[in-house]
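Undergrad: I need the structure of the sequence given here:
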Amino acid sequence: MTFIKLENLNKTFFPNTSREHHALKNINLEINRGDFITIVGGNGAGKSTLLNALAGTFFVDSGSIIVANEDVTNMKEHKRAKYISRVFQNSLQGTAPRMTVAENMALAYKRGEKKMFNFALKKESKQNFAKLLETLNLNLETRLNAEMGVLSGGQRQAISLLMATIKTPDLLLLDEHTSALDPKTQKIIMNLTEEKVAEKNITTLMITHNIKDALKYGNRMIVLHQGEIIKDFNKEEKSKLRREDIYNLLDSL
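TA: The predicted model follows:
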């Protein structure tokens, strides 16, 4: 049963100018609950534009976005946060670097609600945050009172992932969330990603330039090119693909 439906999405930047760019072209996509879809494509394919459209960073020019039977097409970004959470490529984006780990987690815990920040920072809540951090096995439960900005990129990204899933979203957007990390840390974050997504059966879209990860994780993979979905591989098709197949496909576009 379709859980999220994108129908005829179009977005053009700088229309009627010399810089006009049709970034999304009649995007149609049906997503089932629990789907973990990886997204690949060359530079300018429209990958981040698609996630921005879903998150509400801007409104699309035409088309509709339905999430869990809710039409969010014309819903502002802060209101969509009730349904959609996101982890960015930059580990400082989406968090407040001058606020503590506990304060950041409290904000995430109240996402999509009328903020009751002080309530979320009560002793009992902080103890719960520490227990959640302990599940990451990165010793971050001892850093609740540290500012986010002083942590390493990998530590911040692990906490960002925890924040994005602290309340199970209808849709989780992962925007190249490991690309700025070293290979060892990338592996740790991807293992955490797989664990959190599976644990809560979170419907997920993940952009990645790492073809190996695109093939390894998730049950579907879509290929974008110049704002269009040109391939949508199901689990069985995906399992038969090699990295060379995807490189050859991208090179042929």
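
Undergrad: alpha carbons only for contacts and neighbour counts from here, please
TA: Fine.

Undergrad: The nearest residue to residue 164 once chain neighbours are set aside: neighbour count?
TA: Spatial nearest neighbour of residue 164, excluding adjacent residues (C-alpha to C-alpha, 6 or more residues apart in numbering): residue 85 at 5.4 Å. By other C-alpha atoms under 10 Å, 26 other residues sit near residue 85.

Undergrad: and if you look at residue 195?
TA: Neighbour tally, residue 195, other C-alpha under 10 Å: 12.

Undergrad: Now do the strands in the protein.
TA: 2-13, 21-32, 36-40, 62-67, 70-71, 84-87, 171-175, 204-207, 220-225, 228-233 (DSSP state E).

Undergrad: how much distance is there from the first one to the middle of the chain?
TA: Shown here is strand 2-13, whose average C-alpha point lies 16 Å from the average C-alpha point of the whole chain (C-alpha atoms, centre = their mean, to the nearest Å).

Undergrad: quick revisit: so what's the residue nearest to residue 164 bridging to?
TA: Residue 85 has these beta-bridge partners by DSSP bridges: residue 172.

Undergrad: what's near enough to touch it?
TA: The neighbours of residue 85, taking C-alpha atoms under 8 Å, 6 or more residues apart in numbering as the test, are 55, 164-165, 169, 171-173.

Undergrad: again with residue 174
TA: Residues in contact with residue 174 (C-alpha under 8 Å, 6+ apart) are 86-88, 204-207.

Undergrad: And the closest residue to it other than its chain neighbours, how close does it get to residue 243?
TA: Nearest residue to residue 174, sequence neighbours excluded (C-alpha to C-alpha, 6+ apart): residue 206, at 4.5 Å. Going from residue 206 to residue 243 by C-alpha to C-alpha, to the nearest Å gives 17 Å.
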